[in-house]
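**Student:** Okay, predicted coordinates and the sequence, questions at the end:
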Amino acid sequence: MVNISDKPAGDSRNIYSPSELNREARLHLEAGFPVLWVSGEISNLARPASGHMYFSLKDAQAQIRCALFRQKARLIQADMRNGQQVLVRGKISLYEPRGDYQLIADFVETAGEGLLRQQFEALKKQLAAEGLFADSRKQTLPAMPHTIGVITSPSGAAIKDFMQVLQRRWPLAEVIIYPSSVQGEKAPAELLQALQQAQKDDRADVLVLTRGGGSLEDLWAFNDEQLARQIADCPIPVVSAVGHEIDFSISDFAADVRAPTPSAAAELVSPDQAGIKRQINHQLQRLQQLFLWRLQQAQQQTDHWLARLNRLHPARQLQQQREQLQQLEKRLQHNHPAQQLAGNAEQLKTLEQRLQLATNTRLQTARQQLNSLQRALQAVGPQAVLSRGYALVTAGTPDSLRPDVLTRPEQLPADQPVTLQFADFKVAAVTTAEPVITEPSEHDKNSD
């Protein structure tokens, strides 16, 4: 064993550990080989609890280990057993912990199936090129078929699964079974004859061609060319339900609809009874709501017409006219001339009283104002001043028509007559040559 740490200086050897070498070998193997097919005999077949399958493929000179993992093993239809010749599809790899070179398989079929598959692909390609599988040829399945024709073996599991689902979903449908072999040499002819008989009877709304699962060899009767052409030309819609979900047959492509299983075919050709009940109940509720709404509308309309009829009834008209006449009589009485005169007289009397009251009030107010003005005039008039001992001096004699009132000393001419007007009497006087003018005393000023 070489110690890497003791490697001489300048040593360029690339040294691998076992795990590194196995990893490199696995990567080169997986990258260098594409998906391939290997033919050989099964040996050393093991089925552990994990669900994986391990076996060897051998010929006269060599063998190779193979692994078929659980996800792929569940889809394999071939009967895996030691000594069986098979074709295996997979990729080359290497199991690193042991360094075992192996084939990781993803599909296994018996050696005879290889030729059958080639024939299947060739016929499929031919019929597709003829347009036999075109969507334009497909018919629509009836929504609620009254009669369903089933072409199958009457004793097989397919018809039991089909009837169980149909009984649950759509028990109202009548089922006509057209018996036929579904496997073996006679099966293609019997299937073709059953299909032709169903078309001749013309009773079914839809036809179902079905059988359970099996190998490619078991399902080969449904890859018959004449059967495929008859299916494509059938005037009745055809559902093909052959094998399991992973199985395909020529009849699947030729039919109007392909179902993965017989149970799925029963669901495709039948409506859901529970769903239809829900729809019916929903429609019934809507109908009831609509009926109630229409009834309410009719009742409202009836009430409207009854009210209108009451308004237009002769008795109602007479009552209205009678009430109108009473109102007119009241208005006439209220507007009668005598009533108007009486009202006007009363109103005139009221107005006279108001006028008299207003006149008296106005006169009294005027008198009070006059008395007040008189008192004010007397208080400021010359007579009030004269009554306090003053005299009014005017030029001329007392009988002068228009005497001039003398208010200043320079207005007194010498030797001229003047008149002194006191409160109760007048005095005639004559001015002297030089009148004596004195200033008023403080007493006089205060008295003024």
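**Tutor:** Alright, I've got the coordinates.
**Student:** Do you know the pLDDT at the residue lying closest to Leu132 once chain neighbours are set aside?
**Tutor:** Nearest residue to Leu132, sequence neighbours excluded (CB to CB, 6 or more residues apart in numbering): Ala232, at 4.9 Å. All C-beta atoms are positioned from the backbone trio N, CA, C, and that covers glycine. Looking at Ala232, its pLDDT is 96.
**Student:** same thing with Thr438?
**Tutor:** Looking at Thr438, the pLDDT reads 57.
**Student:** try Leu166
**Tutor:** If you check Leu166, the pLDDT there is 94.
**Student:** give me the element it is part of.
**Tutor:** Assigning secondary structure by DSSP states H and E places Leu166 in helix 157-169.
**Student:** Strands of the stretch 251-400 of the chain, start to end?
**Tutor:** For the stretch 251-400 of the chain, the strands defined by DSSP state E, counting those that start in this stretch cover 257-258, 392-395.
**Student:** other SSEs contacting the first one?
**Tutor:** Contact partners of strand 257-258 among helices and strands, from 3 or more CB pairs under 8 Å, 6 or more residues apart in numbering; DSSP states H and E: strand 238-242.
**Student:** Sketch out the low-pLDDT regions of the stretch 151-300 of the chain for me.
**Tutor:** Along the stretch 151-300 of the chain, no part satisfies pLDDT under 70.
**Student:** before we move on, back to that, show me what the strand or helix carrying the residue nearest to Leu132 is packed against.
**Tutor:** Take DSSP H and E as the rule and Ala232 turns out to sit in helix 225-233. When contacts are defined as 3+ CB pairs under 8 Å, 6+ apart, helix 225-233 packs onto helix 113-129, helix 187-201, helix 250-254.
**Student:** how about a cut-off of 10 Å?
**Tutor:** Other elements packing on helix 225-233 under the criterion 3 or more CB pairs under 10 Å, 6 or more residues apart in numbering; DSSP states H and E are helix 113-129, helix 187-201, strand 206-211, strand 238-242, helix 250-254.
**Student:** Pull out the buried positions in that helix.
**Tutor:** 227-232 (16 or more other CB atoms under 10 Å).
**Student:** ok, of these, which one's closest to Leu36?
**Tutor:** Ala228 (31.9 Å; CB to CB).
**Student:** Quick check: that closest one vs Gln118, distance?
**Tutor:** 17 Å (CB to CB, to the nearest Å).
**Student:** quick one: contacts for Asn22?
**Tutor:** Neighbouring residues of Asn22 by CB atoms under 10 Å, 6 or more residues apart in numbering: 16, 94-100.
**Student:** Could you do Glu109 as well?
**Tutor:** Glu109 neighbours (CB under 10 Å, 6+ apart): 37, 76-78, 86-89, 116-117, 215-217.
**Student:** any chance of the residues you listed in JSON lines, plus secondary structure and neighbour count?
**Tutor:** Shown next, in JSON lines, are these (DSSP: H, G, I helix; E, B strand; the rest coil; neighbours: other CB atoms under 10 Å):
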{"residue": "Trp37", "secondary structure": "strand", "neighbour count": "11"}
{"residue": "Ile76", "secondary structure": "coil", "neighbour count": "18"}
{"residue": "Gln77", "secondary structure": "coil", "neighbour count": "20"}
{"residue": "Ala78", "secondary structure": "coil", "neighbour count": "19"}
{"residue": "Val86", "secondary structure": "strand", "neighbour count": "25"}
{"residue": "Leu87", "secondary structure": "strand", "neighbour count": "19"}
{"residue": "Val88", "secondary structure": "strand", "neighbour count": "22"}
{"residue": "Arg89", "secondary structure": "strand", "neighbour count": "15"}
{"residue": "Leu116", "secondary structure": "helix", "neighbour count": "17"}
{"residue": "Arg117", "secondary structure": "helix", "neighbour count": "13"}
{"residue": "Ser215", "secondary structure": "coil", "neighbour count": "18"}
{"residue": "Leu216", "secondary structure": "coil", "neighbour count": "21"}
{"residue": "Glu217", "secondary structure": "coil", "neighbour count": "14"}
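**Student:** Let's have those in JSON lines, adding distance to Asp256.
**Tutor:** Output for the contacts of Glu109, formatted as JSON lines (distance: CB to CB, whole Å):
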{"residue": "Trp37", "distance to Asp256": "35"}
{"residue": "Ile76", "distance to Asp256": "30"}
{"residue": "Gln77", "distance to Asp256": "26"}
{"residue": "Ala78", "distance to Asp256": "31"}
{"residue": "Val86", "distance to Asp256": "36"}
{"residue": "Leu87", "distance to Asp256": "33"}
{"residue": "Val88", "distance to Asp256": "36"}
{"residue": "Arg89", "distance to Asp256": "32"}
{"residue": "Leu116", "distance to Asp256": "26"}
{"residue": "Arg117", "distance to Asp256": "25"}
{"residue": "Ser215", "distance to Asp256": "26"}
{"residue": "Leu216", "distance to Asp256": "24"}
{"residue": "Glu217", "distance to Asp256": "27"}
